[in-house]
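Q: Structure for the following, please:
(chains A and B)
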Amino acid sequence: MSKRIDVKDLNVYYGDFLAVEDVSINIEAKSVTAFIGPSGCGKSTFLRTLNRMHEVIPGARVEGEVLLDGDNLYGPGVDPVTVRSQIGMVFQRPNPFPTMSIRDNVLAGVKLNNKKISKGEADVLVERSLKGANLWNEVKDRLEKPGSGLSGGQQQRLCIARAIAVEPQVILMDEPCSALDPISTLAIEDLINELKDQYTVVIVTHNMQQAARVSDRTAFFNIAGTGKPGKLIEYGDTHTIFSNPVQKATEDYVSGRFG
Amino acid sequence: MTSTLTPVRSKRSALTKGQLPKYAPYAVLAAALIIGAAILALVGFNPFGWGVVSAILFAVGLVSWSAAVEGSRKAKDKLATCLVVGSFLVALLPLVSVIWTVLVNGIPGLLDPGFLTTSMNGVTGAFDNKAVESGGPVMGGIYHALLGTVQITLLATVISVPVGLLTAIYLVEYGHDGRLAKAITFFVDVMTGIPSIVAGLFAAAFFFAVVGPGTKTGAVAAVALSVLMIPVVVRSSEEMLKIVPNELREAAYALGVRKWRTILKVVIPTAISGIASGVTLAIARVIGETAPILVTAGFATSINSNVFGGWMASLPTFIYTQILNPTSPSNPDPSSQRAWGAALVLIILVMVLNLAARLIARIFAPKTGR
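A: Residues are numbered from 1 along each chain as shown, chains lettered A, B, ... in the order given. Below is the predicted model of the structure:
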């Protein structure tokens, strides 16, 4: 239940502005890939192109190919809704639906699409997803309470449960821990380690220790200056990137001597 | 340990030196009232003048005392407080006065037997003359007008809410600030400023042209009212849809939910409390319109429960005709009593609608708590 992603010569634009230039990268199935780099270097923008969330912003477009197990996401006639149901996403700030209970939040992907599901199947799906997100024990007695009453870390795990309930092939995470305290961060990191048994996980992070802890492979993005496009500088095994990088810029960044 | 405790001091702390005593405002107020009464007694006493003179004396007295004891900063603070409280009282005065007048004049009408359950059908000047001369109960009621107001407003709501809400959805979700969206926003703003009589004449002329000359029904009035309601509904719904966080839309998109489903099941439920209270306030805004109803629904003295046929009474036009053309020209008192009663019912209706708006907002509000 996981697929690989191959990106070929991808350029990302906001209107006429080239935000990310010429990225080619191969993301392995059932692994954790981390994107690191300074703010504004285009790593979040690039992540959003992997499930066509990028084009939600008016004027945004891409050139190039993103292949999910060989199928081009940007091919003619491809419905972005189909793409997004296969490639889920977790955002920087936890965003459970405020009008829904915890249970309905987990079932949101099913219910919002008006798919018919029996109560028994729904119960199984809720329990499996919440267990998958390590949240079941904390919320099993209050599934009918609103999701916004949970703590920030619990809300983020609820969002992960919501994402895995639609059984995607790939899960994209855009700085999932940046709004969380260290304990909640640890809980999410443990969860990412478990998720890679079943899913392909791509995570954007500002925290290099986090990238080193959770990822198998790491991609370093950088930007030459304000107004210039972001570029993929180096991509390789996490161990190599952090201990023996090829590029000088990568070494400067991971060792804290940036600039 | 006990030696470190500060001893309790009876005299005032050095930190509160140079302040007016707590009773200062009350003392100044009492002095101002007494002096104000004395001044007014010289020129002829009246309560309104007493209030104004006392208020000025109070402000001058308190500010200058404060300036003498506490310094200019505190005095400016007192002056600002006086101005703010004074403005509040001035703003409150007409409201309290209106409610008081309508209550005093309206309650006798409201307490008449059959006031809410009978119409004016068959009630002639002879009944009113008899009621005045022999002191019997005032006949007639507002049932037909109440029915008309409720039906016309309901139909206007049924017309305006879908149009207004869908316009707001277009502006926020699909318009992308394009030319069409900007044009719609501009014309909605223009519509907000249309005088109500113009809306009435528009609806009347429209139905004269389409259905036939002289078409006056409740439905025509409802169209006129919806011309007034639509811009209010568009504006309030637009604001409510705008404040729905974009993150929620993105969360739904990322689950593979289509845009129209996202709008229908995530955006609107999140904003529904604000939309519902905006709609209720729009209803409250048009329920008291008189001019557009006069030219579109005419006025009737009997019960007409068909909103699509025949002239129809409503509370504002009922009040208007009862005051302007009393049922008994020689004894207008019963008519004005009925008019005040109808005014009271109208105010109660608006108040109930406002309370309903708050209740709706609370019921639909996104749930919090653990």
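
Q: Quick one: residues contacting B:Ser314.
A: B:145, B:148-149, B:152, B:221, B:293, B:297, B:299 (Cβ atoms under 8 Å, 6 or more residues apart in numbering or on different chains). Any C-beta I mention is one placed from the backbone N, CA and C, and that applies to glycine too.

Q: Let me fix that, I meant to ask about B:Leu40.
A: By Cβ under 8 Å, 6+ apart, the residues touching B:Leu40 are B:46, B:49-50, B:53.

Q: Report whether it is found in a helix, as I expect.
A: Yes - under the criterion used here (DSSP: H, G, I helix; E, B strand; the rest coil), B:Leu40 sits inside a helix.

Q: For chain B, give me its nearest residue in chain A.
A: Here the residue of chain A nearest chain B is A:Ser85; by Cβ to the nearest Cβ that distance is 2.8 Å.

Q: Now the buried members of the contacts of B:Leu40.
A: Among the contacts of B:Leu40, those classed as buried by neighbour count (16 or more other Cβ atoms under 10 Å in any protein chain shown) are B:50, B:53.

Q: Chain A: strands as residue ranges?
A: In chain order, chain A shows strands spanning A:5-14, A:17-27, A:32-36, A:60-68, A:71-72, A:87-90, A:170-174, A:200-204, A:217-223, A:230-237, with DSSP state E as the criterion.

Q: Enumerate residues external to the third one that contact any of its residues.
A: Among residues not part of strand A:32-36, those counted as contacts by Cβ under 8 Å, 6+ apart are A:27, A:43, A:46-47, A:192-193, A:196, A:200-206, A:208, A:210-211, A:214-221, A:238, A:253-254.

Q: can you check the first one too?
A: Under the criterion Cβ under 8 Å, 6+ apart, residues A:18-27, A:42, A:45-46, A:49-50, A:54, A:57, A:59-68, A:70, A:170, A:200, A:202, A:229 lie in contact with strand A:5-14.

Q: swap in the last one?
A: Here strand A:230-237 makes contact (Cβ under 8 Å, 6+ apart) with A:19-25, A:37, A:40-43, A:45-46, A:216-224, A:241, A:245-247, A:249-250.

Q: ok so, going back, any chance of a markdown table for the contacts of B:Leu40, columns distance to A:Lys119, pLDDT and secondary structure?
A: Rendered in a markdown table, the data for the contacts of B:Leu40 read as follows (distance: Cβ to Cβ, whole Å; pLDDT from 0 to 100; DSSP: H, G, I helix; E, B strand; the rest coil):
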| residue | distance to A:Lys119 | pLDDT | secondary structure |
| --- | --- | --- | --- |
| B:Asn46 | 74 | 85 | coil |
| B:Gly49 | 74 | 86 | helix |
| B:Trp50 | 72 | 89 | helix |
| B:Val53 | 74 | 90 | helix |
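
Q: in stretch B:333-347, what's buried?
A: Quick answer for stretch B:333-347 (16+ other Cβ under 10 Å): B:334-335, B:337-347.

Q: got it, and stretch B:228-241?
A: Of the residues in stretch B:228-241, those buried (16+ other Cβ under 10 Å) are B:228-238, B:240-241.

Q: Mean confidence (pLDDT) on it, please.
A: Throughout stretch B:228-241, pLDDT has a mean value of 94.

Q: Is that stretch in proximity to chain A?
A: No - in terms of Cβ under 8 Å from any Cβ of the partner chain, no part of stretch B:228-241 sits within range of chain A; the closest distance is 13.5 Å.

Q: now that stretch, how far from the chain's geometric center?
A: From the chain centre to the centre of stretch B:228-241 is a distance of 17 Å (Cα atoms, centre = their mean, to the nearest Å).

Q: One more: stretch B:32-48?
A: When C-alpha coordinates are averaged (Cα atoms, centre = their mean), stretch B:32-48 and its chain have centres 35 Å apart.

Q: Equivalent analysis for stretch B:153-163, please.
A: Relative to its chain's centre, stretch B:153-163 lies at 19 Å (Cα atoms, centre = their mean).

Q: what do you get for stretch B:182-200?
A: Centroid displacement of stretch B:182-200 relative to its chain, using Cα atoms, centre = their mean, is 20 Å.

Q: Repeat that for stretch A:74-88.
A: Stretch A:74-88 has its average C-alpha position 16 Å from the chain's average C-alpha position, going by Cα atoms, centre = their mean.

Q: what's the answer for stretch B:27-44, then?
A: If you compare the mean C-alpha spot of stretch B:27-44 with that of the full chain, they lie 36 Å apart, counting by Cα atoms, centre = their mean.

Q: and if you look at stretch B:254-262?
A: Stretch B:254-262 sits 39 Å away from the centroid of its parent chain (Cα atoms, centre = their mean).

Q: Likewise for stretch B:87-103?
A: For stretch B:87-103, the distance to the chain centre is 13 Å (Cα atoms, centre = their mean).

Q: What residues of that stretch count as buried?
A: If you call a residue buried by 16+ other Cβ under 10 Å, then stretch B:87-103 has these buried ones: B:Val102.

Q: Give the other helices and strands that the top helix by length along chain B contacts.
A: Of all the segments of type helix in chain B, defined by DSSP state H, the longest one is helix B:72-111. The criterion is 3 or more Cβ pairs under 8 Å, 6 or more residues apart in numbering or on different chains; DSSP states H and E, and the helices and strands that helix B:72-111 contacts are helix B:47-70, helix B:333-364.

Q: tell me the angle that helix makes with helix B:333-364.
A: For helix B:72-111 against helix B:333-364, the angle by axes from the mean of the first three to the mean of the last three Cα atoms, to 10 degrees is 120 degrees.

Q: Show the average pLDDT along helix B:72-111.
A: Taken as a whole, helix B:72-111 has an average pLDDT of 91.

Q: Quick check: next helix or strand after that helix?
A: Elements were assigned by DSSP states H and E; along the chain past helix B:72-111, the next helix or strand is helix B:125-134.

Q: packing partners for the next helix or strand after that following helix?
A: Along the chain past helix B:125-134, the next helix or strand (assigned with DSSP H and E) turns out to be helix B:143-169. Helices and strands in packing contact with helix B:143-169 are listed as helix B:218-242, helix B:268-286, helix B:291-297, helix B:315-324, helix B:333-364; criterion 3+ Cβ pairs under 8 Å, 6+ apart.

Q: Output the ones you listed as a markdown table; include the columns distance to B:Arg249.
A: Conversion of the helices and strands packed on helix B:143-169 to a markdown table gives the following (distance: least, Cβ to Cβ, whole Å):
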| stretch | distance to B:Arg249 |
| --- | --- |
| helix B:218-242 | 11 |
| helix B:268-286 | 10 |
| helix B:291-297 | 39 |
| helix B:315-324 | 42 |
| helix B:333-364 | 19 |
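
Q: Indicate which one of those helices is closest to B:Pro94.
A: Among the helices and strands packed on helix B:143-169, the nearest to B:Pro94 by Cβ to Cβ is helix B:333-364 (13.7 Å).

Q: Check the average confidence over the closest one, would you?
A: According to the model, helix B:333-364 has a mean pLDDT of 88.

Q: quick one, it and helix B:125-134 angle?
A: Helix B:333-364 and helix B:125-134 meet at an angle of 100 degrees, taking the same axes, to 10 degrees as the criterion.

Q: neighbours of A:Ser129, just the number please.
A: Burial of A:Ser129, expressed as a neighbour count using other Cβ atoms under 10 Å in any protein chain shown, amounts to 24.
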